[in-house]
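In: Generate coordinates for the sequence data below:
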Amino acid sequence: MMKATSPRILKILALVLMVLLSSCTAPGSIDIDCDAFANSPNQVHRIEVREGAEITISLCSNPTTGYNWKEDAELSNPEVIVQDRQEFTAPGSVDDPPPPGSPGIHTWTFSTLKAGESIITLGYSQPWDGGEKNSWTFTLTVVVR
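Out: Residues are numbered from 1 along each chain as shown. You can find the predicted model right below:
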């Protein structure tokens with residue numbers, strides 16, 4: 001005879017499953033928050049994707065500090081990967097505004113064109129003459145199979 005599973009065990013299993021699923025991102029998706037950059041201002045990553053894949057990079061950004069990410073990424077091999085678009089998303093909403101100085105998210109989307117390797121480089125700088133350059137950097141080596 002099969003013993004009934006207790007509701008408590010089912011709740012624990014559901015919680016574990018939710019935590020595991022929330023930590024997953026798509027293979028071509030990278031999200032880095034401000035805490036990660038505060039701990040390591042030069043982020044270096046590597047991914048492998050298939051030809052024709054879309055890659056999305058989402059990085060913490062706070063233009064109220066005078067710093068901005070460069071809109072156009074530097075690509076070491078534009079025959080392998082191209083930048084499709086980029087955008088900044090401010091924090092909160094009109095109905096629920098965030099506290100002043102809250103960071104938003106800067107997102108770039110890329111498409112892979114053919115097998116090979118390309119390096120995506122982004123810098124977080126003060127854009128004016130004499131402004132601090134590359135206070136944070138993000139480098140992603142993309143291997144397309």
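In: Strands along this protein, start to end?
Out: 29-32, 42-49, 54-61, 68-69, 74-75, 81-89, 104-112, 116-125, 136-144 (DSSP state E).
In: and the last one with strand 54-61, angle?
Out: Angle of strand 136-144 versus strand 54-61, following axes from the mean of the first three to the mean of the last three Cα atoms, to 10 degrees, is 170 degrees.
In: orientation of strand 136-144 relative to strand 116-125 in degrees?
Out: Going by the same axes, to 10 degrees, strand 136-144 makes 170 degrees with strand 116-125.
In: partner strands of strand 136-144, parallel or antiparallel?
Out: Within its sheet, strand 136-144 is paired with strand 42-49 (parallel), strand 116-125 (antiparallel), according to DSSP bridges.
In: got the contact list for that strand?
Out: Here strand 136-144 makes contact (Cβ atoms under 8 Å, 6 or more residues apart in numbering) with 30, 32, 37, 41-51, 53, 55, 57, 59, 67, 80-81, 110, 112-124. (Each C-beta comes from the backbone N, C-alpha and C, glycine too.)
In: buried residues in that strand?
Out: Across strand 136-144, burial judged by 16 or more other Cβ atoms under 10 Å covers 136, 137, 138, 139, 140, 142, 144.
In: Ok, the longest one next?
Out: Going by neighbour count (16+ other Cβ under 10 Å), the buried part of strand 116-125 is 118, 119, 120, 122, 123, 124, 125.
In: Now it - C-alpha only, PDB.
Out: What follows is strand 116-125, C-alpha atoms only, in PDB (Å, rounded to 0.1, in the frame of the first residue of the first chain):
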ATOM      1  CA  GLY A 116      33.400  31.100 -34.700                       C
ATOM      2  CA  GLU A 117      34.400  33.200 -31.800                       C
ATOM      3  CA  SER A 118      33.900  36.900 -31.000                       C
ATOM      4  CA  ILE A 119      34.500  39.000 -27.900                       C
ATOM      5  CA  ILE A 120      31.900  41.600 -26.800                       C
ATOM      6  CA  THR A 121      33.300  44.400 -24.800                       C
ATOM      7  CA  LEU A 122      31.300  47.100 -23.000                       C
ATOM      8  CA  GLY A 123      32.500  50.000 -20.800                       C
ATOM      9  CA  TYR A 124      30.700  52.100 -18.100                       C
ATOM     10  CA  SER A 125      32.100  55.600 -18.200                       C
END
